Every structure is written in structure tokens, then in C-alpha cells.
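Enquirer: Structure for this input, please:
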Amino acid sequence: MGNLAPSKVRWDHPSDYRHAASYGGDVSRVRANMSPDWVAELSLAIQSRACRQFVLFGNVHDQLAIDGRFVGVGRFIQDEMLRSMEVIFSYDLGNGLTVERGEKRLAQWVPSAMRALPHQPLEAVRFVSRYLRYLGNLVAVGRGEIPQAAVMIRGIDQLLPVHGAGFEHSSLAYLVREWGLAVPFTELPFVSLLIADNLTEIDPLIIFSPQVKVLRIPLPSAEELQAALLLLQRQHPQTILPSTNLGTLAAAVGGVSVNTLRQITKLRAHGRQTLQPEDFASLKEEMVERDAPGLIEFLESTRTLEDYHGQDAVKQWFRQDIALWRLNDLRALPMGYLLSGPIGTGKTYLVECLAGEVGVPIIKLKNFRDKWIGSSEANLEKVFRLIRALGRCIVFIDEADQTLGRRDAGVGDSGLSGRLYSMVAQEMSDTSNRGKVMWVFASSRPDLIEADLKRPGRIDVKIPILPASHHGVGALIAALAQRYGLQVSEPDLRGLESLLPELLTAGAAEALVVKAYRVARTQDVHPAEALKRSLEGYQSAVPQEVLEQQIRLAIRETTDLTFVPEELRHLAADGSAQT
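Expert: From the prediction side, this is the model:
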């Protein structure tokens, strides 16, 4: 099939511009042979002839910085990676079948072939198959030189969706699979490339075909982003100043596509705005959230672990992990945490405090479930792509028992929960992510989270977040009262001791303090008296038996009893919780 490696293309590599000044500032004169990993992998697979059919998914609509210009991924594959192909077909639902290269060759087959190229998917695929069988016949009779041919189908997930049915769908799937499996297609200098946004939206008959190579095109690496920023700097020098450290900026905006980076830069340039170093963090969040609208959000917080009251053993553990992370000593870092405890104990608040201290992005997964078939899996796949591209980050999943799905959820959701569970489990078990991606689950019902998701290697540290008890209740109320400007002394608290609940969550304590603040402001009474009136009418929003059950569940899940206050450790062996 010839050498298909993109050797003639010249990639813009930031390292080649270190001495651009010596060329009079003309950085276009300096080049390097650099390409993304997926390019080399695809080239090797094509040259080896081990595969004739490829499924490309992921960041397929992005652009690459090449030869001082931006080139779309699809156009790059067609013009560079398939440059030795004499005949190239392309197909998408909007444009129908198109001959990108080789019209004269097709005219040798049927002179009128170019006059009415089919638009409907099944007829278009049949047209390509008939041409390939014609080439196979030429080979069989030993006539003439056989042209190398390729076909690119864009949006294969729309042509052959995961839950497609009917005669036309089955016929189309059969013909497309034939290109990679059957003679004469496998004996010809021919390759087919099937392109989609999300792998999970493609009919399994295609992606699980034995001769198909599935290749993910990831979001751009820091080097690729730096090359893109270099071109953008040349185009918009008033927005990305020559003094800007492009390496720092590329690292700061990791997790975004080149398309989005160009869009934001153009908007800033139109508004005559300059990108400053302090803009990097907010710029990254703006671009990543734009690439995954409604699926994720960045947790921003001015709080630190100092603002979290109690549970000193937990805070010490987190600080030790943060120290190891900053030292790049990753071997002892957990793959993930599980924060479990009764509702209202401050699990989400603890993560917010962690966000203000850790110094890496903390991403909160929002509702990625969708009513449309295949959309939930596609949303989750997009989230995973962003997580991988961000580098070091923490992924926070609140209400994990409801969000993550189950291995066997029955027939009520058509198997959706099981598929989501499988995707999350596979992503979490990737040990190459240790020290890069840390998962944090929060749940008041950890017993409802699948055991496989909580096992070591996915969730290594399980921490109970428990209500204050005994003397801890007074200290919690005092700390919260101080935040609201209510000055309560220790003698005041001792006078209220008989009214203090036996167990009090952080949420309930804040509700008490807010009520006391209201009483103090509206009735003009001393803070201690306001607290007394609030406590006299206090009734827990959570029944005591439910609270104790959730405490036992959290303690039973913990990986280390040092996380449990001594006065509550007796609950660790206090019978089995009723679920």
C-alpha cells in the first residue's frame, strides 16, 4: 500500500522556536517532525496491513497546528495520512457520497459513475462495494495496476446507531463489516475509516468486529496546545503577548480542544483584551465547561481544611496526601476516597474545603443521565475525555449511590445503570491514573454502592463523616455561632448543656444557629438566651433511628477506625444495620 506515514507534513513544535530571534523573528522558518501519538499509531496500523477497517472516535472535529496553519483532523487524515491513496470516497448524511480523489480512475470503471452519486446511506455503501468488487475482479484476471482506495464515513454513529433496527440498518451494518472481514476487500489495497464522536453510540456489530481497530483521538496534549497557542500568538499578538509563557498557558488550559481555544482567543481579541497569567485558571474552566455543557462544573472555594470543624484525623490524612502529591511521590496516594455518613454531616462542604487547599482542579460531575438512548453513555464518555486531558485533578461524585448505577439494575432502565456502572468501573481501575486522577464519592447510603466500585484499587480510603456527639456538640455550635457574630462563652455553653442534642449534624447545627441569630436580631436578646430558645424547641429533621443506622453504615465502611471518634466506636460492632 505504500508508505502512508505523514513524513512530508511539518509540525509546529514549540521547542523549535526557542531561538526564533536568530531568524529575525520569522518563526515560520523553524520546523520539527512532531505529531500526536494517535497519528503514529494509525499510520503503523495501516502500513502493517493487519487491519483494513478503523473506528476513530473522540476529538474528531478538532484542529491541529501544522505548517503554520490550523488543519482539521478529518482533512489531515485525508490529505496526509491517505495521501498515497489514488481513490478516496467520503460519506456523511448531509452531503451523501463524495469522491474526494480519483475521478479519472472511477471513469475507467463506469464513465457515467460521477454523474449521479447516491445520497442514501445504503445505496452509497453499495456503490463503494461494487467498485471494490470491480477492483477485485481486475486482480483475479491479472489486468492492470490496481489503485489504492479508501473510504471515510463521517458520523458512523448516526448511520449505524447502537440501538438501530430494521432491514436497512442490518443491511448497512453487514456491508460495512464486510469491508474489514471479507474477500475481496481484505485482499485489496483498501482501508475504511469510520468516524464518530462517541464509541458508545455505534452499533456493537461494528466496534466488536474482530478485524476492526478502534482508536481514540484524545484532546490535545500540552505540547499540541502550546503549538496552537504559538500560532494564535502570531495571529493575535495584542491578545497573547510575546512575553507570555506559552508552556505555562498550555498547562493551564489543558483539557480543552484547539477549536475552543481559538474561539476564546478570537473573542478576547475582538474585545481588545489581553490574556494575563491570572486569567489562566478561569480561562481553563470557561473552556472546559463550554466543551462539556451541563455535565461538569469546577468547584471553587476560598475555604481550606482549617474551616472544617472537627475530625482532625481526617484533615491530617488529607494534608498528608496533598503533601505527597506536591512532592510527586505518587506510590502511596489512593486511587479514590469514599466519604460516607448521615445526611447533613458536611460531606460536600469538606470537599469544598479540600478544593481550596489542594491546588488542583476539582470537578463535580453533574447529571450526565439523559432520556435519549445512548446519550448517557456518550455524555459519560465525553466527561472521561476531559478528565484524562486535564492531567492532575479530583473528580467528585455526590450522591454516588444514585449516580453511579448498578451492575444489575433489572429491566426498568433497559440496562442503562449496568452500562454506566461498567464504564465508571473500567475508568476507575486504570492504575496509570494513580496520582493523576483521584475519585471522591460522597453518600449517606454507601451500602447501595456496588462493592466492586468500593474495592481497593478504585476506592482505597473510606472515611466516615459523622455527627458531633457529647462535648463535640457544644464546640460545633460555638464555632458556627462565631461565624454569625453570636458571641457565646464557655460558661454560656455549660449552662445549655442539658439542652444539647446527643447527636448533631453540621447541617442541623447551622439551622439551630441561624434560628438563634434570627431570635437575637428580631427579639433583641443575648446570644446565649437566643440559643436557649432555639434549643428548647429543637426537633431533629432526621429521625434518631435513621441517623443511628446511617452512622453504623458509615463506620462499618471505614478503612481505619482512627477516623471514628472514640465515643462512637462502639457502634462499629453494634449489630448489623437494617437496609
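Enquirer: Convert the C-alpha atoms of whichever strand or helix holds Phe76 to PDB, please.
Expert: Element membership of Phe76 [criterion: DSSP states H and E] is helix 73-76. Extracted in PDB, the C-alpha atoms of helix 73-76 (Å, rounded to 0.1, in the frame of the first residue of the first chain):
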ATOM      1  CA  VAL A  73      -8.400  16.300  11.900                       C
ATOM      2  CA  GLY A  74     -10.500  14.900   9.100                       C
ATOM      3  CA  ARG A  75      -8.800  16.900   6.500                       C
ATOM      4  CA  PHE A  76      -5.400  16.000   7.900                       C
END
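Enquirer: Which other helices and strands does it contact?
Expert: With contacts defined as 3 or more C-beta pairs under 8 Å, 6 or more residues apart in numbering; DSSP states H and E, helix 73-76 has these neighbours: strand 63-66. Every residue, glycine included, has its C-beta placed from N, CA and C.
Enquirer: Quick one: distance of the strand it packs on to the chain centre.
Expert: The chain centre lies 22 Å from the centre of strand 63-66; the measure is C-alpha atoms, centre = their mean, to the nearest Å.
Enquirer: For it, buried residues please.
Expert: Neighbour-count burial for strand 63-66 flags 63-66 (criterion: 16 or more other C-beta atoms under 10 Å).
Enquirer: same thing with stretch 485-504?
Expert: Buried residues in stretch 485-504 (16+ other C-beta under 10 Å): 486, 488, 492-493, 496, 500-501, 503-504.
Enquirer: all strands of the stretch 1-150 of the chain, in order?
Expert: With DSSP state E, counting those that start in this stretch as the criterion, the stretch 1-150 of the chain has strands at 53-58, 63-66, 69-72, 87-92, 96-101, 149-154.
Enquirer: can you redo those strands as TSV with distance to Leu275 and mean pLDDT?
Expert: Shown next, in TSV, are the strands of the stretch 1-150 of the chain (distance: least, C-beta to C-beta, whole Å; pLDDT from 0 to 100):
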stretch	distance to Leu275	mean pLDDT
strand 53-58	27	93
strand 63-66	17	92
strand 69-72	18	93
strand 87-92	36	96
strand 96-101	38	94
strand 149-154	33	96
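Enquirer: that older thread, and of the buried residues of stretch 485-504, the nearest to Val176?
Expert: Leu503 (61.9 Å; C-beta to C-beta).
Enquirer: Please work out how many residues are found near the residue nearest to Phe89 when sequence neighbours are not counted.
Expert: Excluding the flanking residues, the one nearest Phe89 by C-beta to C-beta, 6 or more residues apart in numbering is Val151, at 4.3 Å. Around Val151 there are 26 other residues, counting by other C-beta atoms under 10 Å.
Enquirer: can you list the domains in this structure?
Expert: Using automatic domain parsing, the domains assigned to the chain come out as 14-217, 222-289, 298-464, 468-536.
Enquirer: Tell me which of those domains sits nearest to Phe563.
Expert: domain 298-464 (5.2 Å).
Enquirer: start to end distance for that closest one?
Expert: 24 Å (C-alpha to C-alpha, to the nearest Å).
Enquirer: Over to stretch 217-226?
Expert: For stretch 217-226, the first-to-last residue distance is 18 Å (C-alpha to C-alpha).
Enquirer: cool, and stretch 43-55?
Expert: With C-alpha to C-alpha as the measure, the first residue of stretch 43-55 is 14 Å from its last.
Enquirer: how distant is it from the center of its chain?
Expert: Using C-alpha atoms, centre = their mean, the offset of stretch 43-55 from its chain centre is 28 Å.
Enquirer: And for the nearest residue to Pro242 once chain neighbours are set aside, the neighbour number?
Expert: Among residues not flanking Pro242 along the chain, Gln233 sits closest, at 7.2 Å (C-beta to C-beta, 6+ apart). Other residues near Gln233 number 20, with proximity taken as other C-beta under 10 Å.
Enquirer: what do you get for the one 10 residues further on?
Expert: Here the neighbour count serves as a burial measure; for Ser243 (other C-beta under 10 Å) it reads 5.
Enquirer: okay, it: pLDDT?
Expert: For Ser243, the pLDDT comes out at 86.
Enquirer: For it, give me phi and psi.
Expert: Reported as degrees, to the nearest 10, the phi and psi values for Ser243 are phi -80, psi -10.
Enquirer: can you tell me which residues contact it?
Expert: Shown in contact with Ser243 (C-beta atoms under 8 Å, 6 or more residues apart in numbering): no residues.
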